[in-house]
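S.K.: Any chance you could fold what I've pasted below:
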Amino acid sequence: MDFRRRIIIFCIITLGVITHKISAQQLSKTALLKTWKLEKYYEEGEYYAPEEIEKEDYIQFNGDMTFTTKMEDKTYFGTWMLNINGKYIELKYNTEEVDKLRIKCLGTYSLVAIFDLDYYRYTEIHYSTCEK
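M.R.: Have a look, this model is predicted:
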């Protein structure tokens, strides 16, 4: 019984360390360098499809720390900065406006984020990509 308990504890700790390392590796500038297409929204326990005007929305992060985004048929440009400790991306538009995009989850093909704005604070924005 004591040996079994040690094995279980060892497995749990090992799994936790591996999971932590994978999460830490995924949140990097390199992992974001893709074109992310708007897939859906999640709010108050429900998923919502983008409205017709949002169906072509995307955000593209470039290696030179610039970005291009299309939101509701308008294209915007600017620079971006990743704060790994705070888990957010700061978007500075050419218009001098600044948005903060809090990263909830980043995978190889998915990005889930929340805009740090009062009226979007509880809405998850789900992006997807086909790029590796």
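
S.K.: Please name the bridge partners of V98.
M.R.: Per DSSP bridges, residues listed as beta-bridge partners of V98: K92.

S.K.: Output the below-cut-off pLDDT ranges for the protein.
M.R.: When residues are selected by pLDDT under 70, those of the chain lie in 1-26, 118-121.

S.K.: middle-most residue in it, spatially?
M.R.: L111 (3.6 Å; CA atoms, centre = their mean).

S.K.: hang on, it packs against W36?
M.R.: Yes. Using CB atoms under 8 Å, L111 is in contact with W36, at 5.2 Å. All C-beta atoms are positioned from the backbone trio N, CA, C, and that covers glycine.

S.K.: what's the overlap in contacts for those two?
M.R.: Common neighbours of L111 and W36, counting by CB atoms under 8 Å, 6 or more residues apart in numbering, are 127-129.

S.K.: Just the buried residues of those residues.
M.R.: Buried by 16 or more other CB atoms under 10 Å: 127, 129, out of the shared contacts of L111 and W36.

S.K.: Mind checking which of the shared contacts of L111 and W36 are in strands?
M.R.: 127-128 (DSSP state E).

S.K.: any idea which of the shared contacts of L111 and W36 is the one closest to Y41?
M.R.: Y127 (10.7 Å; CB to CB).

S.K.: Identify the bridge partners of that closest one.
M.R.: L38, L111.

S.K.: That one contacts A113, correct?
M.R.: Yes. If you go by CB under 8 Å, Y127 and A113 touch, sitting 7.3 Å apart.

S.K.: Nearest spatial neighbour of K37, chain-adjacent residues omitted?
M.R.: Y58 (4.7 Å; CB to CB, 6 or more residues apart in numbering).

S.K.: give the contact list for E90.
M.R.: Residues near E90 by CB under 8 Å, 6+ apart: 80-81, 83, 98-101.

S.K.: Out of these, the closest to Y48 would be?
M.R.: L101 (18.4 Å).

S.K.: residues in contact with the strand or helix carrying that closest one?
M.R.: Here L101 sits within strand 98-106, counting by DSSP states H and E. Taking contacts as CB under 8 Å, 6+ apart, the residues outside strand 98-106 that touch it are 26-27, 31-32, 87-93, 111-117, 124.
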